[in-house]
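**Q** Need the 3D shape of this:
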Amino acid sequence: MRHIHIIGIGTGNPEHLTIQAINAMNMADVVFIPTKGAKKADLAEVRREICDRYLTREGVRIVEFEVPQRAISDQSYAGSVDDWHAAIARIYEDLIANLPETGAGAFLVWGDPSLYDSTIRIIERVRSAGTCAFDYSVVPGITSIQALAASHRIPVNLVGKPVEITTGRRLTATGLTHETTVVMLDGEQAFSKIDDSDAEIFWGAYLGTKDEVIRSGRLGNIAADILRLRAEERARHGWIMDIYLLRKGRDFDD
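**A** Predicted coordinates for the structure are as follows:
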């Protein structure tokens, strides 16, 4: 039976790969590399560098495929994502069907496959369709949360306190409700709408890469600087991948 390895590769530094991830790559007959157009060519290039560095088994092929863009007009967010996943699933199905009957393929996933990534969901959608038989396994990777905390030299949680992981869309809707809130997928810069004099922000973009930038401080003092820097970096690269942690309180506060 065909086998698919879903491999977390970290946030852009080839040295983020675990030994388990490297071994899984070298069990594949084909490594699949997604491309997302010229503006995000860096993302594919990191994956190519990873393959050049760590593939040691003879005969492993690299197959690149184009990821369709998500259509957002005249649809709800959930509806547009569902349609987008369906389009990607059709591509995955074709890639997997072209593997030998007992062959193995590998998808290299930015960060960790379990955290705000849909590769597992899409693979399950393909498998449920039943058009080609295969099994799959998942290899964890370093998440952007871990990379952010390491770059800022902070623990993610306060002692004995919970951590919320959410999106910019949700933060805008709910406001800051936890002592520690990690915010991902924030295209609308929801942090700039938070009015809380006690809040601190730890922000980072392009984590793990040579272009990494980080900022931290009182949210009210530094939000404008982050907005400016974020706009400059996005204009320079043509894309941005950032994350931040909002914190209220201190260790051992009641």
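
**Q** Quick check: which element contains the residue nearest to Tyr77 when sequence neighbours are not counted?
**A** Distances taken as C-beta to C-beta, 6 or more residues apart in numbering put Arg169 closest to Tyr77, at 7.4 Å, once the chain neighbours are dropped. All C-beta spots, glycine's among them, are computed from the backbone N, C-alpha and C. Assigned by DSSP states H and E, Arg169 falls within helix 168-174.

**Q** can you check Gln69 too?
**A** Taking DSSP H and E as the definition, one finds Gln69 inside no helix or strand.

**Q** do the same with Glu64
**A** In this assignment (DSSP H and E), Glu64 forms part of strand 61-66.

**Q** Which neighbouring elements make contact with that strand?
**A** Where contact means 3 or more C-beta pairs under 8 Å, 6 or more residues apart in numbering; DSSP states H and E, strand 61-66 is packed against strand 30-35, helix 41-54, helix 77-97.

**Q** CA atoms of the first one as PDB?
**A** The C-alpha atoms that make up strand 30-35 are tabulated as PDB, following Å, rounded to 0.1, in the frame of the first residue of the first chain:
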ATOM      1  CA  VAL A  30       8.900  11.300  -3.900                       C
ATOM      2  CA  VAL A  31       9.100  14.500  -1.900                       C
ATOM      3  CA  PHE A  32       6.300  16.900  -2.900                       C
ATOM      4  CA  ILE A  33       7.100  20.700  -2.800                       C
ATOM      5  CA  PRO A  34       4.300  23.200  -3.000                       C
ATOM      6  CA  THR A  35       4.800  26.500  -4.900                       C
END
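
**Q** For it, which residues meet the burial criterion?
**A** Judged by neighbour count using 16 or more other C-beta atoms under 10 Å, the buried positions of strand 30-35 are Val30, Val31, Phe32, Ile33, Pro34.

**Q** Show me the domain layout of the protein.
**A** 2-139, 144-247 (automatic domain parsing).

**Q** closest one to Asp253 among those?
**A** Closest approach to Asp253 among the domains of the chain (C-beta to C-beta): domain 144-247, 7.5 Å.

**Q** can you tell me the distance between the two ends of that closest one?
**A** Start-to-end span of domain 144-247 (C-alpha to C-alpha, to the nearest Å) is 17 Å.

**Q** related to what we said a few turns ago, of the helices and strands packed on strand 61-66, flag the one that's most buried.
**A** Greatest average neighbour count among these goes to strand 30-35 (a mean of 19), per mean count of other C-beta atoms under 10 Å.

**Q** quick one on the thing from earlier: next, format the helices and strands packed on strand 61-66 as CSV and append distance to Arg228.
**A** What follows is the helices and strands packed on strand 61-66, written out as CSV (distance: least, C-beta to C-beta, whole Å):
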stretch, distance to Arg228
strand 30-35, 30
helix 41-54, 22
helix 77-97, 28
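
**Q** Mean pLDDT and distance to His237 for the ones you listed - can I get that in CSV?
**A** Listed next are these as CSV, based on pLDDT from 0 to 100; distance: least, C-beta to C-beta, whole Å:
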stretch, mean pLDDT, distance to His237
strand 30-35, 94, 16
helix 41-54, 91, 7
helix 77-97, 90, 23
